[in-house]
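Engineer: Provided below for reference: sequence and predicted model.
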Amino acid sequence: MKTNNKFDSAFRKRARDIKIDPSDNVWNSIEHELTARKRSLNMYILSVAAGLILLIGFYGLMTLQQSKTDISEYHVHIFDNEADKSYEHALLKWVTSSHKINSSIPPEI
Amino acid sequence: MQIKYIKVETARLIERCRLQDRQAQKMLYENYAPQMLGLCRRYFTNIQEAEDALMRGFVKVFRQIDKLQDDTKFEYWMRRIMANECLMILRKKKKMVTTELSENSVAPMPPTVLDTLSTDDILSLIDNLPEGYRTIFNMYVIEGFKHKEIAEHLKISVNTSKSQLIMARRKLQQAISILNNATNFKKANNT
């Protein structure tokens, strides 16, 4: 057993000393592998970002559509019940007027 | 308490490699590649296969460098990665042949004889071992794997690993004796 240990340790010492210079294309292959991986990682990040932007855009569009529907439903609800077409006309004019910022008071009935 | 040292330069390179600094990666590669190719070459008889293992090993080292927790163990960690890459290639090729053997005593061999051999002699001694013996000898004697680990890696039994190691030692000692006798014979003839 002791002889084995001595033999092993002597061999280990010699074998670990072995150094061989690799050819130049080894580093080139390593660099290529690392760059290819970085590129594919970038593509992954880009596609996830694009997907997120699309999702947010779609959600925003849907929300806008929904709010428009709500407003029009609200208008229909008020004016159908009031049935005051001239007031509706005046109110719409006030809403769409370019001076609405200055005139904060809605027209009177 | 055992104190471990690491060169300041290596520590800095490792730190820069964690940031995927290509220049640092190249410098670290240049520092360790000859030593690591020496390791890989011991598993394969031809240099192309050894370089392939070296390339895969370094790619893994740079990709997984964040997993290295203790920088003082960098070389040990890298040696393990390289050895695992060699084993993976060998496993893919399914070239490993292992045979069950009963445990026999090994003829005593003075280790000092090894000191008289050149690096090329050492390499050719390892090359001449059958693939199975060579792999287990490399893993156990040179890389310091345990028989249990070898058995798990190579999907063999612990006893097979032990018997292959015994046979590898025996073959190496026989070859060294022959080489030594031939050298002595040459020397005697010259004088």
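Structural biologist: Noted; the coordinates are in hand. Numbering: from 1, shown residues only, chains lettered A, B, ... in the order given.
Engineer: who's in contact with residue B:86?
Structural biologist: Residues near residue B:86 by Cβ atoms under 8 Å, 6 or more residues apart in numbering or on different chains: B:39-40, B:43-44, B:50, B:53. Every C-beta, even on glycine, is put in place using the N, C-alpha and C of the backbone.
Engineer: one more pass at 10 Å, please.
Structural biologist: B:39-44, B:49-50, B:52-54, B:56-57, B:135, B:138-139, B:143 (Cβ atoms under 10 Å, 6 or more residues apart in numbering or on different chains).
Engineer: which of those fall in strands?
Structural biologist: Applying DSSP state E to those, no entry is found in strands.
Engineer: and the residues you listed near chain A, which?
Structural biologist: By Cβ under 10 Å from any Cβ of the partner chain, the members of the contacts of residue B:86 lying near chain A are B:39-42, B:50, B:52, B:54, B:56-57, B:138, B:143.
Engineer: which pair in the residues you listed has the greatest spatial separation?
Structural biologist: Farthest-apart pair in the ones next to chain A among the contacts of residue B:86 is B:52 and B:143; separation 18.8 Å (Cβ to Cβ).
Engineer: residues from chain A in reach of chain B?
Structural biologist: Counting by Cβ under 10 Å from any Cβ, the residues of chain A that sit close to chain B are A:1-23, A:25-35, A:37-38.
Engineer: got a quick ChimeraX command for the buried subset of those?
Structural biologist: Applied in ChimeraX, the following selects the buried portion of the residues of chain A next to chain B according to 16 or more other Cβ atoms under 10 Å in any protein chain shown:
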select /A:3,4,6,7,8,10,11,14,15,18,20,22,26,27,29,30,31,33,34
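Engineer: for chain B, give me the ranges with low pLDDT.
Structural biologist: Low-confidence segments of chain B, defined by pLDDT under 70: B:1-6, B:94-113, B:187, B:191.
Engineer: state which helix of it is the longest.
Structural biologist: helix B:158-190 (DSSP state H).
Engineer: likewise chain A?
Structural biologist: helix A:24-82.
Engineer: and whichever helix or strand comes after that one, which residues are buried?
Structural biologist: Proceeding N to C from helix A:24-82, the next assigned helix or strand is helix A:85-96, under DSSP states H and E. Buried residues in helix A:85-96, defined by neighbour count with 16+ other Cβ under 10 Å: A:87, A:91.
Engineer: export helix A:85-96 as PDB, just CAs?
Structural biologist: Provided in PDB are the C-alpha atoms of helix A:85-96 (Å, rounded to 0.1, in the frame of the first residue of the first chain):
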ATOM      1  CA  LYS A  85     -81.500  67.500 -28.200                       C
ATOM      2  CA  SER A  86     -80.700  71.200 -28.000                       C
ATOM      3  CA  TYR A  87     -78.800  70.700 -24.700                       C
ATOM      4  CA  GLU A  88     -77.000  67.800 -26.200                       C
ATOM      5  CA  HIS A  89     -75.900  69.900 -29.100                       C
ATOM      6  CA  ALA A  90     -74.800  72.700 -26.800                       C
ATOM      7  CA  LEU A  91     -72.900  70.300 -24.500                       C
ATOM      8  CA  LEU A  92     -71.200  68.600 -27.400                       C
ATOM      9  CA  LYS A  93     -70.200  72.000 -28.800                       C
ATOM     10  CA  TRP A  94     -68.700  73.000 -25.400                       C
ATOM     11  CA  VAL A  95     -66.900  69.700 -25.200                       C
ATOM     12  CA  THR A  96     -65.400  69.900 -28.600                       C
END
